[in-house]
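Participant: What follows is a predicted protein model with its sequence.
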Amino acid sequence: MLFPAMDKYTALHEYFGLSSFRAGQEELIDAVLQGRDVLGIMPTGGGKSLCYQVPAVVLDGVALIISPLISLMKDQVMALKHIGISAAFINSSLSPEQLRMACTNLRAGQYKIVYIAPERLAGDGFVSLLQSMTVSLVAVDEAHCISQWGQDFRPSYRKIVDFLEKLPRRPALAAFTATATQQVREDIERILKLQSPLRLITGFDRPNLNFEVRRPKRKINALRALADQRRDKSGIIYCATRKLVERVCGELSSAGISATKYHAGLPDEERRRNQEDFLYDRRPVMVATNAFGMGIDKSNVSYVIHYNMPKSLEAYYQEAGRAGRDGEKADCVLLYSSGDIATAKFLIRHSGENDELSDEERREVTAQDYRRLDTMVGYCKAAGCLRGYILDYFGQAHGESCGNCGNCRGEYVERDITSEAQMILSCVKRAKDKLGYPVGATLIIRALCGGKDKRVLELGLDRLTTYGLMKAISRPQIREYIEYMESAGYLRTDPVHGGVALTPRSGEVLFRGERVRMSVKQPSAEEKPRAVKTDSPVTEGDSGLFAALKALRFRLAQEEGVPAYIVFSNASLADMARKAPRTMAEFKTVSGVGDIKAARYGQAFLAVIAEF
Ligand code: ADP
Ligand code: MG
Ligand code: ZN
């Protein structure tokens, strides 16, 4: 393939089909084009790849991209090839034959971009091969991996430094990460020996993400409901442990939700297959531990649910940030319970398996982990704007209320439910006194509502003084109270009979005036419109055309054997539906439509649009 000299705008329009740069991209690109080192810090989904891909296309020679994850290299290379940029990856997944091929092509100058796993850099063959070539730039993606203070420290990243020193001419070095802490930034600069780099930190806000913390009585029920309401969407569910991943994935599957799973305990082959199933939307829901996702740029993930609280806010923001990368609005829900704190502490205590650390260093790392955990717990308990809490942590100024998080929308408020709790507890007590054993929640609810069900009458629950006491309240609402009271220790499940039974805490409420508070969803919140600020405000699925375009995309993707988002992102389809282009020239104005994609897909999409 021939690459005529071109400027950054031409590259942006013709290859990537984008109309303008996002905040920070142009400055970083300009610096790299001038041969200057850069350190680019942008949130997940901020558009870091473009910052090295555009210079790679504009400059002479081959750009080397060092990236930690094998799975994502393949994906990125596929996406690049799809827009007409010749690219390859070199990692341990290649057979010796494939590796030889890649090296031959590389030597022949056929690639503009080559992704390399850091451990590959040490090989002598590779160094001598590159010594005879023009390297346009070296980009270090997920650069925080080089720091032991960051998430995901990868010792193999330290090999980058030796490698660079062996190159005859040192190209511009461009490091990118989403990790904002000062310590990690300094580490990256120091260890990579960046030479008076342009340091660029863009804003950390992701306006299209809706943040929410819930404290459900039963997480699994809450999760099932959340996933069920989003059946046509793709989502990631993070769990703290492998065991939970297995359980949650099983639960979702038996609820008819097409889920797959990922954790370090699975055989490589299965992990790879599951990841592909997810990327290709064969299974739109991924249940995973935090082993999944670094660098995953599946752009159409529209929700990320945390089944457990992560260990740090950095980790949370990075994982949640995998939603809505295409700019569409997306939901980030954290299902919190106080038990999560113990789990996180356990994980912190047992994560000290990094042999490279001295005792001193290990102690310091652990102390830091606990501080990070406190910040995370603070998020779960925050009463103010959740987005504000995150931005505060990353040191960014913000307005008082974002209007697009669970707390700002005021959906959840603390309510005093002491009197309801007292009614429930006395009904439980009376039923037990009468029958001699505890009955299940369903019967308690029926009795409280004054139900005439056969079982209630048979057992004589209609003769309890508490019968019909909560007539004015709906049954699901009472069930919610009961589930909350169980999770908070005011009730428990009787191990023998399975019914609901009193606990020592029940007595505090019944006889000693303890107040019961529960955070409840305000019923009016449903009607409140969501004030979503986003750079592409589209309500997905509200137009028949959008659905038709999606169906066409699915068909084309299947024919080509690529994930749907490689054909076009949701954001592109939304823009297409909005603009409803009639001609090829109009089609090219759609975001994400470059020359290659216009030529390849233009006719098919124009035909579907014309039908409307
Ligand atoms: P990250 O910073 O997390 O690596 P990516 O580089 O994967 O982010 O980009 C995230 C998404 O943003 C991609 O879908 C990409 O196409 C899109 N994107 C990047 N730059 C722009 C831009 N200038 N205009 C529109 N979309 C963009
Ligand atoms: Mg990235
Ligand atoms: Zn808010």
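Facilitator: Received the coordinates, thanks. Ligands and ions are numbered 1, 2, ... in the order given.
Participant: check contacts around the residue in the stretch 51-200 of the chain positioned nearest to ligand 1.
Facilitator: In the stretch 51-200 of the chain, the residue that lies nearest ligand 1 is Ala178 (6.5 Å; C-beta to the nearest ligand atom). (C-beta placed from N, C-alpha, C; glycine too.) Taking C-beta atoms under 8 Å, 6 or more residues apart in numbering, we find Ala178 in contact with 41-44, 46, 48, 144, 317-318, 321.
Participant: Any residues of this protein in contact with ligand 3? List them.
Facilitator: 385, 387, 402, 405, 408 (C-beta under 5 Å from the ion).
Participant: now, among those, which is nearest to Arg185?
Facilitator: Using C-beta to C-beta, Arg387 comes nearest to Arg185 of the residues of the chain next to ligand 3, at 22.3 Å.
Participant: Looking at per-residue confidence, what score does that closest one get?
Facilitator: Arg387 is assigned 96 on the pLDDT scale.
Participant: Can you verify it is assigned to a helix?
Facilitator: Yes. The assignment for Arg387 by DSSP: H, G, I helix; E, B strand; the rest coil puts it in a helix.
Participant: okay, now it: neighbour count?
Facilitator: As a burial measure, Arg387 scores 24 neighbours (other C-beta atoms under 10 Å).
Participant: Could you measure from Ala259 over to Glu270?
Facilitator: Plainly put, Ala259 is 14 Å away from Glu270 if you go by C-beta to C-beta, to the nearest Å.
Participant: out of the two, which sits in the more crowded spot?
Facilitator: For Ala259 and Glu270, the more surrounded residue by other C-beta under 10 Å is Ala259, and the numbers stand at 23 against 12.
Participant: what's that one sitting at in phi/psi?
Facilitator: When quoted as degrees, to the nearest 10, the phi and psi of Ala259 stand at phi -120, psi 150.
Participant: ok, what's across the strand from it?
Facilitator: Here Ala259 sits in beta bridges with Val285, going by DSSP bridges.
Participant: wait, doesn't it sit right on Val285?
Facilitator: Yes. Using C-beta atoms under 8 Å, Ala259 is in contact with Val285, at 4.0 Å.
Participant: Find residues that contact each of the two.
Facilitator: Shared contacts of Ala259 and Val285, defined by C-beta under 8 Å, 6+ apart, are found at 227, 237, 252.
Participant: number of nearby residues for the second one?
Facilitator: What it means is Ile237. 26.
Participant: Before we go further, it is sitting in a helix, right?
Facilitator: No. Applying three-state DSSP, one finds Ile237 to be strand, outside a helix.
Participant: and it, what is it in contact with?
Facilitator: By C-beta under 8 Å, 6+ apart, the residues touching Ile237 are 223, 227, 248, 252, 259, 285-288, 304-307.
Participant: what are the ranges of the helices in the stretch 201-350 of the chain?
Facilitator: 219-228, 242-254, 268-279, 313-320, 339-349 (DSSP state H, counting those that start in this stretch).
Participant: Contact partners for the closest residue to ligand 3 within the stretch 251-400 of the chain?
Facilitator: In the stretch 251-400 of the chain, no residue comes nearer to ligand 3 than Cys385, which is 3.2 Å away by C-beta to the ion. Contact analysis of Cys385 by C-beta under 8 Å, 6+ apart lists 398, 400-402, 405, 407-408.
Participant: Next: Arg230.
Facilitator: Applying C-beta under 8 Å, 6+ apart to Arg230 gives the contacts 302-303, 331.
Participant: Mind checking which of the contacts of Ala178 are in strands?
Facilitator: Ile41 (DSSP state E).
Participant: distance of the residue lying closest to Leu279 once chain neighbours are set aside from Asp277?
Facilitator: Distances taken as C-beta to C-beta, 6 or more residues apart in numbering place Pro563 nearest to Leu279, at 4.8 Å, with adjacent residues excluded. Distance, Pro563 to Asp277, by C-beta to C-beta: 10 Å.
Participant: cool, and Ala320?
Facilitator: Per C-beta to C-beta, Ala320 is found 22 Å from Asp277.
Participant: Then Pro216?
Facilitator: Using C-beta to C-beta, Pro216 is found at 28 Å from Asp277.
Participant: ok, now Arg190?
Facilitator: Distance from Arg190 to Asp277, by C-beta to C-beta: 41 Å.
Participant: which of those two has more neighbours?
Facilitator: Set Arg190 next to Asp277 and count neighbours by other C-beta under 10 Å: Asp277 wins out with 18 against 11.
Participant: tell me the contacts of the more buried one?
Facilitator: Residues in contact with Asp277, defined by C-beta under 8 Å, 6+ apart, are 260, 283.
Participant: Could you rerun that using 10 Å?
Facilitator: Residues counted as contacts of Asp277 (C-beta atoms under 10 Å, 6 or more residues apart in numbering) are 258-262, 283-284, 286.
Participant: Return a PyMOL selection command for the buried portion of those.
Facilitator: Applying 16 or more other C-beta atoms under 10 Å to the contacts of Asp277 leaves a buried subset, and the PyMOL line that selects it is:
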select buried, resi 259+260+261+262+283+284+286
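Participant: now the contacts of Asp277 in CSV, with distance to ligand 1?
Facilitator: Rendered in CSV, the data for the contacts of Asp277 read as follows (distance: C-beta to the nearest ligand atom, whole Å):
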residue, distance to ligand 1
Ser258, 23
Ala259, 24
Thr260, 22
Lys261, 23
Tyr262, 19
Arg283, 21
Pro284, 18
Met286, 17
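Participant: Tell me the one of the contacts of Asp277 nearest Lys74?
Facilitator: Tyr262 (15.7 Å).
Participant: quick one: that closest one from Ala227, how far?
Facilitator: Relative to Ala227, Tyr262 is positioned 16 Å away (C-beta to C-beta).
Participant: Scan the contacts of Arg230 and report the most crowded one.
Facilitator: Using other C-beta under 10 Å as the neighbour test, the contacts of Arg230 are led by Tyr303, with 24 neighbours.
Participant: Please, where are all the strands along the stretch 51-200 of the chain?
Facilitator: 62-66, 87-90, 113-116, 135-140, 172-177, 198-201 (DSSP state E, counting those that start in this stretch).
Participant: Report the contact partners of the residue lying closest to Ile116 once chain neighbours are set aside.
Facilitator: The shortest distance from Ile116 to any non-neighbouring residue, by C-beta to C-beta, 6+ apart, is to Ile90 (5.0 Å). Taking C-beta under 10 Å, 6+ apart, we find Ile90 in contact with 64, 73, 98-99, 102-103, 106, 114-117, 120-121, 123, 126.
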